[in-house]
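S.K.: Pasting the sequence and the predicted coordinates here, then a few questions.
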Amino acid sequence: MRKTVALIAHDRKKEEMLTFVLENKDSLVHCNLIATATTGRIIQEKAGLDVTTYLSGPLGGDQQIGAQIACQQVDAVIFLRDPLTAQPHEPDITALLRICDVHNIPVATNTATANLVLRCFTSED
Ligand SMILES: O=C(CO)COP(=O)(O)O
């Protein structure tokens, strides 16, 4: 069963996200990928993967992905947050993490955890 993975990265984490995606392209190509607008565009353009994009995080994209999680449409979230910069849409970020916990959806906020989550998915296939 194809897993749906949400990919989201704050601006200062986008390079790290791209590196993670390129390193894990062989696994991610077998997943349905969804993302916030800018993160998704970078992944499409630079990694050549198909990504369903939502709005940018500050414009409601985190909430849109949260709604997908609430509807049981997402199997894991990889959310590379910038822990050193305040975000104007902090309440949306908190809500996204909360809805992952409400629905017991794995959420990785750093690449060490993201690698573990992806490895589990690969071994399940
Ligand atoms: O702000 C974000 C997540 O909170 C990410 O949005 P973008 O991918 O559009 O930059």
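M.R.: Happy to help now that I have it.
S.K.: Could you use CA atoms for every contact and neighbour count after this?
M.R.: Will do.
S.K.: can you list contacts of the helix or strand of the chain with the lowest mean pLDDT?
M.R.: Lowest by mean pLDDT, DSSP states H and E among the helices and strands of the chain is helix 111-124, with a mean of 91. The contact list for helix 111-124 (CA atoms under 8 Å, 6 or more residues apart in numbering) reads 3, 20, 27, 76, 78, 80, 106-108.
S.K.: Can you redo those as JSON lines, where the extra columns are distance to Y54 and neighbour count?
M.R.: JSON lines is the format used below for the contacts of helix 111-124 (distance: CA to CA, whole Å; neighbours: other CA atoms under 10 Å):
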{"residue": "K3", "distance to Y54": "18", "neighbour count": "17"}
{"residue": "F20", "distance to Y54": "20", "neighbour count": "15"}
{"residue": "S27", "distance to Y54": "22", "neighbour count": "14"}
{"residue": "A76", "distance to Y54": "16", "neighbour count": "22"}
{"residue": "I78", "distance to Y54": "15", "neighbour count": "23"}
{"residue": "L80", "distance to Y54": "17", "neighbour count": "22"}
{"residue": "P106", "distance to Y54": "20", "neighbour count": "18"}
{"residue": "V107", "distance to Y54": "18", "neighbour count": "21"}
{"residue": "A108", "distance to Y54": "19", "neighbour count": "21"}
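S.K.: Which of these sits closest to the ligand?
M.R.: When the contacts of helix 111-124 are compared for distance to the ligand (CA to the nearest ligand atom), L80 comes out closest, at 8.3 Å.
S.K.: so what strands line up beside the strand or helix carrying F79?
M.R.: Element membership for F79, per DSSP states H and E: strand 76-80. Applying DSSP bridges, strand 76-80 is found paired with strand 4-9 (parallel), strand 107-108 (parallel).
S.K.: same question for the shortest one, mean pLDDT?
M.R.: The average pLDDT for strand 107-108 rounds to 98.
S.K.: That strand and the ligand, are they touching?
M.R.: No. Residues of strand 107-108 are not located near the ligand by CA under 6 Å from any ligand atom, the shortest gap being 13.4 Å.
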